[in-house]
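Colleague: how would this look folded up:
(2 chains)
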Amino acid sequence: MIMSPGLRKFALIVHLTVSVGWIGAVIAYLALVIAAMNSADDQMVRTALTAMKLIGWYAIIPLALASLVTGLIMALGTKWGLFRHYWVIFSLVLTIIAVGILLEHMHPASFLAGVTAEAHNGGRLREALPSELLHAGVGLLVLMVVQVLNVYKPRGVTPYGWRKQQEQRTTSPAGDSVT
Amino acid sequence: MSQTQPDHESTVGKPPPTPLWVKVFGVILIVVVLLIGIMLISGGEHGPGRHMPSTQHSTEHP
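Modeller: Model (predicted):
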């Protein structure tokens, strides 16, 4: 079902907001990881880990899920479709992978933050920070790739998309435009 | 977004060939997914817990 122009713009605003918000939240998470890694203060490390847990559960995960859902709506609600163009497929697959790794990672990350309440040795907690840096860093890289794909929309129609284009040409010879 | 309309490619009787960037991205994606799968399978317990000692001993100093 193709959305009306007004609805499509509204959906696009929501999609852009949550997607960029997701990137911003990951950058905030990374800032806390780096601050904790470079701090000699154990209290600072525990505080950063607690803040990372809150950002993860209350910002990154909701924004990631919202980005995935609104992205699906944007694809299905416009003539771009979900499986018609390669860049849409890659964006979808990369987003699903990012959300999957995020959900898989947040459970132990939350566990890690819970540990801080009883841990007295900040050095032990610091041993986990490189893993946090790796996950958040790679996650940010994936999100940037998705963003580039969404902006540049590199050419490439799938065989399914090509068939759909042929069908549309035979049914509406005057052509159509995306709204 | 720089492009607001889908591109219409090749009106000849068969679908257009797969672009090079799709092949490159596809190979990279498959390698990355395989690496993640191998890490998850071989790593057993994954995540920060794997990189740190047991919490029961967190108050003990070495």
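Colleague: CA only for contacts and neighbour counts going forward, please
Modeller: Fine.
Colleague: which residues of chain A score low on pLDDT?
Modeller: Within chain A, the stretches with pLDDT under 70 are A:108-124, A:172-179.
Colleague: could you pull out the helices for it?
Modeller: Defined through DSSP state H, the helices belonging to chain A, from first to last, are A:5-37, A:42-55, A:61-76, A:86-115, A:122-126, A:129-152, A:159-171.
Colleague: hmm, the first one touching chain B?
Modeller: Right, helix A:5-37. No: no part of helix A:5-37 sits near chain B under the criterion CA under 8 Å from any CA of the partner chain; the closest distance found is 10.3 Å.
Colleague: angle of that helix against helix A:129-152?
Modeller: Inter-element angle recorded for helix A:5-37 and helix A:129-152: 160 degrees (by axes from the mean of the first three to the mean of the last three CA atoms, to 10 degrees).
Colleague: report the angle between helix A:5-37 and helix A:42-55.
Modeller: Computed by the same axes, to 10 degrees, the angle between helix A:5-37 and helix A:42-55 is 160 degrees.
Colleague: how about the helices of chain A in CSV, adding distance to B:I41 and mean neighbour count?
Modeller: Rendered in CSV, the data for the helices of chain A read as follows (distance: least, CA to CA, whole Å; neighbours: other CA atoms under 10 Å in any protein chain shown):
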stretch, distance to B:I41, mean neighbour count
helix A:5-37, 26, 18
helix A:42-55, 26, 20
helix A:61-76, 24, 19
helix A:86-115, 14, 19
helix A:122-126, 25, 20
helix A:129-152, 17, 17
helix A:159-171, 34, 16
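Colleague: format these as a markdown table; extra columns: distance to B:P15.
Modeller: Rendered in a markdown table, the data for the helices of chain A read as follows (distance: least, CA to CA, whole Å):
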| stretch | distance to B:P15 |
| --- | --- |
| helix A:5-37 | 29 |
| helix A:42-55 | 46 |
| helix A:61-76 | 21 |
| helix A:86-115 | 13 |
| helix A:122-126 | 54 |
| helix A:129-152 | 22 |
| helix A:159-171 | 6 |
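Colleague: and B:V22, which of these is closest to it?
Modeller: Closest approach to B:V22 among those is made by helix A:86-115 (6.9 Å; CA to CA).
Colleague: what helices or strands is the closest one leaning on?
Modeller: When contacts are defined as 3 or more CA pairs under 8 Å, 6 or more residues apart in numbering or on different chains; DSSP states H and E, helix A:86-115 packs onto helix A:42-55, helix A:61-76, helix A:129-152, helix B:48-51.
Colleague: quick one: which of the ones you listed is nearest A:L32?
Modeller: Between A:L32 and those, the shortest separation by CA to CA is 5.6 Å, and it involves helix A:42-55.
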